[in-house]
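Following is a predicted model, sequence given first.
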Number of protein chains: 2
Amino acid sequence: MAAKRSGAQSKRSHRKKTDAPPRSEPPLSLERIVATAVELLDAQGVDGLTMRQLADRLGSGVMSLYWHVDNKEGVFDLALDAVLEYRGPPQIVEAQDWRTAIIHMLEDWRGSMLRHPWSASLLPSRTLGPNILGRLELLSKTLSGAGVTDADMNVAIWSLWNYVMGATITRASFDRSDDDMDAAQQRLTSLSAHYPTIERTRLLLDNDWDGVFRNGLDFLLDGFAPRPGGVGAPR
Amino acid sequence: MAAKRSGAQSKRSHRKKTDAPPRSEPPLSLERIVATAVELLDAQGVDGLTMRQLADRLGSGVMSLYWHVDNKEGVFDLALDAVLEYRGPPQIVEAQDWRTAIIHMLEDWRGSMLRHPWSASLLPSRTLGPNILGRLELLSKTLSGAGVTDADMNVAIWSLWNYVMGATITRASFDRSDDDMDAAQQRLTSLSAHYPTIERTRLLLDNDWDGVFRNGLDFLLDGFAPRPGGVGAPR
DNA sequence: TCATCCTATGGTACGATGTACGAGTCAATC
DNA sequence: GATTGACTCGTACATCGTACCATAGGATGA
């Protein structure tokens, strides 16, 4: 279960922080641990996060971490949710239609994950933290306001979720290895006898990922809650 | 580098299987290694595959594996591609329209991954093996025949890929932990003040995953290549 | 004042993992 | 008989998560 956590640390005491840097790290706290974990994950990827490295960066002993955190899984959960906060659409957008609001939230979601590429592949296999639940709630509420019935709601939400997750995970893992993609496309070329079509369209190169994302999203939204004007496929 | 691989193994000799374990296992081979790895992954999940366990099941020493395989990553790559073979649609379907063919292939793809739940989350981060490339080629060729231009092709393919991957990864990880989902929904109920809408629609329970998948897929396909009778947006 | 307790830290140690290294076996070939 | 190349595997090591336990210091009560 959850280790006890200091709700409030009144203590400021005589920690000199401002002058000499020699010995004095600030005390451990959940916030510092999570923030440092995110740094480490951003810098080194999922495999780069080890409890020892984390402790090193925090200037603490390894086992001290375990007073604040259950185990390494817990660090992942917290780092993940930390990265998925949503502050809501800007004022300008707020008054606009539901479709704009939804697209804003989903693109922000995707953007947040791509800024921390380790997060995308982590999310599906982990218990849903408050920030994700908040996004799902917002999505539900907005769709509900747009006329989607409760009966159709879960289908709509999960389809959108699936789409966002797939797009983001794919993009994030290809992102990490552009060289690999080049190599793969080269390999493809040498095998063009077997894969003529995808070789011809250069499937593995030069893709407009943002455009792809937006495009498919439009189709899905059209399907769930058609636009009045019945606009077709843009582009 | 790839280790050398025995093209032919003449030795068949005497195979015992499960009774006395003394000496007589069949010789190692890539095929046997991959098949056993898949068994192990199916039984224990991604974390359950260790080189030692794999060797145990094969009745060999751990290091013997490394003559056939570069490293553990290689085992993953091979197991993954092994699971993704596609034999094509049955004869009855073959003559039918492109839409049926595509849906058949994508549902088969999803089905294969769900039969081996570890495979879905592995796929995006790994180099594309021949079986996956084959599926992509088939998809391209079919869409091309359906009138999708080369310019629109990559957008269509990647949207479908994203959707299939997202749906399958999500389903596979929820699948593994129905209890967790119950627990999550319970937690949700206790927090219904914060998440009233998703609590009301019981988002985390009782979902018709197959239906969701098929539904969103229809919307996407309508978007890319509208049906003549046209439910979706005209282009 | 001292004794006690809670919060918080971290050293040591253990079992598990992937795999480098190099010695071993055996059949085919010269 | 000697050599070679395909294949097997025991040993050893670095690295990981973390259980266990000793410790320190402030707060509290006597």
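Happy to help now that I have it. Numbers count the residues shown, from 1 in each chain, chains lettered A, B, ... in the order given.

for residue A:212, what are its contacts?
By CB atoms under 8 Å, 6 or more residues apart in numbering or on different chains, the residues touching residue A:212 are A:167, B:154, B:155, B:158, B:159, B:162. The C-beta positions use only the backbone N, C-alpha and C, and glycine is treated the same way.

Does stretch A:112-124 reach DNA strand D?
No. Using CB under 7 Å from any atom of the strand, stretch A:112-124 stays clear of DNA strand D, coming no nearer than 13.6 Å.

Report how many residues lie close to residue A:127.
15 (other CB atoms under 10 Å in any protein chain shown).

Same check on residue A:203?
Residue A:203, neighbours per other CB under 10 Å, totals 25.

Provide the secondary structure category for it.
Secondary structure state of residue A:203, per DSSP: H, G, I helix; E, B strand; the rest coil, is coil.

Which positions in the lengthiest helix in chain A come out as buried?
The single longest helix within chain A, with elements called by DSSP state H, is helix A:150-175. By neighbour count on 16 or more other CB atoms under 10 Å in any protein chain shown, the buried set for helix A:150-175 is A:153-174.

cool, and stretch A:59-70?
A:60, A:65, A:68, A:69.

Of those residues, which pair is most distant in space?
Greatest spacing in the buried residues of stretch A:59-70, by CB to CB: A:60 and A:69 (12.0 Å).

what domains does the record give for chain A?
Listed domain ranges for chain A are A:30-83, A:91-224 (source: automatic domain parsing).

Point out where chain A drops to low pLDDT.
A:1-24, A:92-95, A:175-181, A:206, A:229-235 (pLDDT under 70).

for DNA strand D, what are the nearby residues on it?
A:11, A:13, A:49-53, A:62-63, A:66, A:71-73.

do that again at 6 Å, thanks
For chain A, the residues in contact with DNA strand D (CB under 6 Å from any atom of the strand) are A:50, A:51, A:52, A:62, A:63, A:71, A:72.

Skipping its backbone neighbours, what lies nearest the third one in space?
Sequence neighbours aside, residue A:62 is the residue nearest to residue A:52 in space, at 5.4 Å (criterion: CB to CB, 6 or more residues apart in numbering or on different chains).

just residue A:36 next, same as before
Nearest to residue A:36 is residue A:57, by CB to CB, 6+ apart, at 5.1 Å.

For PyMOL, what selects the buried ones among the residues of chain A next to DNA strand D?
Filtering the residues of chain A next to DNA strand D down to the buried ones (16+ other CB under 10 Å) takes a single PyMOL command:
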select buried, chain A and resi 51
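
which one of the residues of chain A next to DNA strand D is nearest DNA strand C?
Using CB to the nearest atom of the strand, residue A:63 comes nearest to DNA strand C of the residues of chain A next to DNA strand D, at 3.2 Å.

how much space between that closest one and residue A:153?
Computed as CB to CB, to the nearest Å, the residue A:63 to residue A:153 distance reads 46 Å.

and what of residue A:195?
Between residue A:195 and residue A:153 the computed distance is 40 Å (CB to CB).

what residues are up against the residue lying closest to residue A:200 once chain neighbours are set aside?
Distances taken as CB to CB, 6+ apart place residue B:150 nearest to residue A:200, at 7.0 Å, with adjacent residues excluded. Contacts for residue B:150 (CB under 8 Å, 6+ apart) come out as A:200, A:201, B:144.

coming back round to it: touching, the residue nearest to residue A:36 and residue A:41? I think so.
No. Residue A:57 lies out of contact with residue A:41 (CB atoms under 8 Å); the separation is 11.7 Å.

Which one's more surrounded, these two?
residue A:41 (24 against 15).

Can you measure across stretch A:144-151, start residue to end residue?
This stretch, stretch A:144-151, spans 11 Å end to end (CA to CA, to the nearest Å).

Pull out the buried residues from it.
Buried-residue list, stretch A:144-151, by 16+ other CB under 10 Å: A:144, A:146, A:148.

Return the closest of those residues with respect to DNA strand D.
Checking these against DNA strand D by CB to the nearest atom of the strand gives residue A:144 as the nearest, at 40.2 Å.

all helices for chain A, in order.
Under DSSP H, chain A gives helices at A:30-44, A:51-58, A:65-68, A:72-83, A:91-94, A:98-115, A:118-122, A:130-145, A:150-175, A:178-190, A:196-200, A:209-224.

can the buried residues of stretch A:59-70 go into a markdown table with extra columns for distance to residue A:113?
Shown next, in a markdown table, are those (distance: CB to CB, whole Å):
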| residue | distance to residue A:113 |
| --- | --- |
| A:60 | 29 |
| A:65 | 25 |
| A:68 | 25 |
| A:69 | 23 |
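
Correct me if wrong: residue A:224 contacts residue A:143.
Yes. Using CB under 8 Å, residue A:224 makes contact with residue A:143 at a distance of 7.4 Å.

Could you measure from residue A:96 over to chain B?
Relative to chain B, residue A:96 is positioned 20 Å away (CB to the nearest CB, to the nearest Å).

mind checking how far that residue is from residue A:104?
From residue A:96 to residue A:104 the distance is 9 Å (CB to CB).

before we move on, what about residue A:38?
Remark: distance between residue A:38 and residue A:104 (CB to CB) = 24 Å.

Those two: which has the busier surroundings?
residue A:38 (20 against 17).

Contacts only, for the residue nearest to that one when sequence neighbours are not counted.
The shortest distance from residue A:38 to any non-neighbouring residue, by CB to CB, 6+ apart, is to residue A:79 (5.0 Å). Residues near residue A:79 by CB under 8 Å, 6+ apart: A:34, A:37, A:38, A:41, A:119.

dump the residue contacts of the fourth one.
What that stands for is residue A:41. Counted by CB under 8 Å, 6+ apart, residue A:41 has contacts A:48, A:49, A:79, A:116, A:118, A:119.

which among these end up buried?
Buried positions within these, assessed by neighbour count (16+ other CB under 10 Å), are A:49, A:79, A:116, A:118, A:119.

distance of the closest residue to DNA strand C within chain A from residue A:132?
Nearest residue of chain A to DNA strand C: residue A:61, at 2.2 Å (CB to the nearest atom of the strand). Distance, residue A:61 to residue A:132, by CB to CB: 32 Å.

same thing with residue A:139?
Distance of residue A:139 to residue A:132, given as CB to CB: 11 Å.

more neighbours, these two?
The neighbour count for residue A:139 versus residue A:132, taken as other CB under 10 Å, is higher for residue A:139 (23 against 19).

Now for that one: which residues touch it?
Residue A:139 neighbours (CB under 8 Å, 6+ apart): A:102, A:105, A:157, A:160.

Which members of the residues you listed are the farthest-apart pair?
The largest separation in the contacts of residue A:139, counting by CB to CB, is between A:105 and A:157 at 12.2 Å.
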